[in-house]
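Asks: Test case, fold it:
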Amino acid sequence: MATSVEKPEKLKNPRRAFVKRNGKKLVRKIAAFQSRQSKVPDTPKISNDHFDFLNAFTDNWEVIQAEAKEVLKFRDAIPTFHEVSPDQYRLSTENNWKTFVLFGFGQRLEKNASLAPETSEILEGVPNLQTAMFSILAPGYHIPAHKGVTKGILRSHLGLIIPKDRENCRIRVDETITPWKEGEIFVFDDTYEHEVWNDTDEERVILLFDFDRPMKLAGRVLNKTFLNIMKLTAFYQDPKKNLQTAEERLEAAIRQADANMEAMSDPAG
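Replies: Next up is the predicted model:
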């Protein structure tokens, strides 16, 4: 169960609070327009039939799973969600939710992507990909109910490493509850309230990625403008900086592991 945590000092900045408060108001105003512009249903979960590119993930899920397992060898160096994005401090506590980011805000993180090359190549086939990561949830953890930022982006989950008691490892989107299953993928609109439970004693790992909602021209223009404005704020700048630090930390951990292996194999050692 999530524990109560104090807001980080940097998030108490009045200017940041003003931007966040008014940004939410703006998002609510444009959501109805984005809904009317959508080329896919404006429902909590959206049928995979609308997204041909998802087949590449289900066809190759075991390859993606194998790369995730390789990444997990460096689990201690993988950052928590709130280390990457401080605004997520209510959702991510202690070491309960780790994120290995491959793409952030439309840009490929080359160092991380080199550790999961085939996964990254498949992700390149997603139209207007925004963010992609291996999402690693600790046993017994609950992510509280929350809502995403914009209806202009949709989210997909691919099950990779799922507890044997999968019925107790699940996500609720609006009123629909879905347990994850290895090799299965689904798409949802995260502006609907959603929450996650891992009521098992095993870790859960999925591939999570966000992409632009298919919309008519006016909707696409508005979405691009909104995202460009977001990139000027701390909500973009802080994670961007933190992702670079996380990549460097992981790279250092890999170098150290390689050095340890070399020392162990050195007969003179």
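Asks: wait, is Leu222 part of a strand?
Replies: No. Remark: Leu222 does not belong to a strand; assigned using DSSP: H, G, I helix; E, B strand; the rest coil, it is helix.
Asks: Which strands and helices lie in contact with the host helix or strand of Gly219?
Replies: Per DSSP states H and E, Gly219 falls inside helix 217-230. Where contact means 3 or more Cβ pairs under 8 Å, 6 or more residues apart in numbering; DSSP states H and E, helix 217-230 is packed against helix 14-37. For glycine as for every other residue, the C-beta is placed from the backbone atoms N, C-alpha and C.
Asks: Name the nearest residue to Gln237, ignoring sequence neighbours.
Replies: Of all residues not flanking Gln237 in the chain, Lys231 sits nearest, at 7.9 Å (Cβ to Cβ, 6 or more residues apart in numbering).
Asks: Tell me which residues of the helix holding Gly219 come out buried.
Replies: For helix 217-230, the buried set under the neighbour-count rule, 16 or more other Cβ atoms under 10 Å, comprises 219-220, 222-223, 226-227, 230.
Asks: can you redo those residues as JSON lines with distance to Ile122 and pLDDT?
Replies: Shown next, in JSON lines, are the buried residues of helix 217-230 (distance: Cβ to Cβ, whole Å; pLDDT from 0 to 100):
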{"residue": "Gly219", "distance to Ile122": "26", "pLDDT": "95"}
{"residue": "Arg220", "distance to Ile122": "24", "pLDDT": "95"}
{"residue": "Leu222", "distance to Ile122": "29", "pLDDT": "93"}
{"residue": "Asn223", "distance to Ile122": "24", "pLDDT": "91"}
{"residue": "Phe226", "distance to Ile122": "27", "pLDDT": "85"}
{"residue": "Leu227", "distance to Ile122": "23", "pLDDT": "85"}
{"residue": "Met230", "distance to Ile122": "26", "pLDDT": "77"}
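Asks: can you pull out the strands in the stretch 51-200 of the chain?
Replies: 97-104, 107-108, 129-137, 142-146, 153-161, 169-173, 176-179, 185-188, 194-198 (DSSP state E, counting those that start in this stretch).
Asks: tell me the mean pLDDT over the shortest one?
Replies: Per-residue pLDDT over strand 107-108 has a mean of 92.
Asks: please begin residue numbering at 49 from this point
Replies: In the new numbering, first residue 49, that becomes strand 155-156.
Asks: Distance from the chain centre to it, please.
Replies: On the basis of Cα atoms, centre = their mean, to the nearest Å, strand 155-156 sits 14 Å off its chain's mean C-alpha point.
Asks: can you tell me the average pLDDT over stretch 223-231?
Replies: 97.
Asks: what distance separates it from the centre of its chain?
Replies: With Cα atoms, centre = their mean, you get 16 Å for stretch 223-231.
Asks: Which elements pack onto the strand or helix carrying Leu255?
Replies: Counting by DSSP H and E, the element that carries Leu255 is strand 252-260. For strand 252-260, the elements it packs on are helix 109-119, strand 177-185, strand 201-209, judged by 3+ Cβ pairs under 8 Å, 6+ apart.
Asks: Relative to Thr91, which of the ones you listed is closest?
Replies: strand 201-209 (10.9 Å; Cβ to Cβ).
Asks: what packs against that closest one?
Replies: helix 103-107, helix 109-119, strand 177-185, strand 233-236, strand 252-260.
Asks: Need the residues that contact it.
Replies: With Cβ atoms under 8 Å, 6 or more residues apart in numbering as the test, strand 201-209 has contacts from 88, 94, 99, 102, 105-106, 109, 112-113, 116-117, 178, 182-183, 196, 219, 228-238, 251-261, 271.
Asks: Low-confidence ranges, the stretch 149-298 of the chain, go.
Replies: 282-284 (pLDDT under 70).
Asks: Using JSON lines, lay out the strands of the stretch 99-248 of the chain together with mean neighbour count and distance to Glu131.
Replies: Output for those, formatted as JSON lines (neighbours: other Cβ atoms under 10 Å; distance: least, Cβ to Cβ, whole Å):
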{"stretch": "strand 145-152", "mean neighbour count": "24", "distance to Glu131": "9"}
{"stretch": "strand 155-156", "mean neighbour count": "14", "distance to Glu131": "19"}
{"stretch": "strand 177-185", "mean neighbour count": "23", "distance to Glu131": "13"}
{"stretch": "strand 190-194", "mean neighbour count": "14", "distance to Glu131": "16"}
{"stretch": "strand 201-209", "mean neighbour count": "22", "distance to Glu131": "21"}
{"stretch": "strand 217-221", "mean neighbour count": "19", "distance to Glu131": "22"}
{"stretch": "strand 224-227", "mean neighbour count": "14", "distance to Glu131": "28"}
{"stretch": "strand 233-236", "mean neighbour count": "20", "distance to Glu131": "25"}
{"stretch": "strand 242-246", "mean neighbour count": "20", "distance to Glu131": "19"}
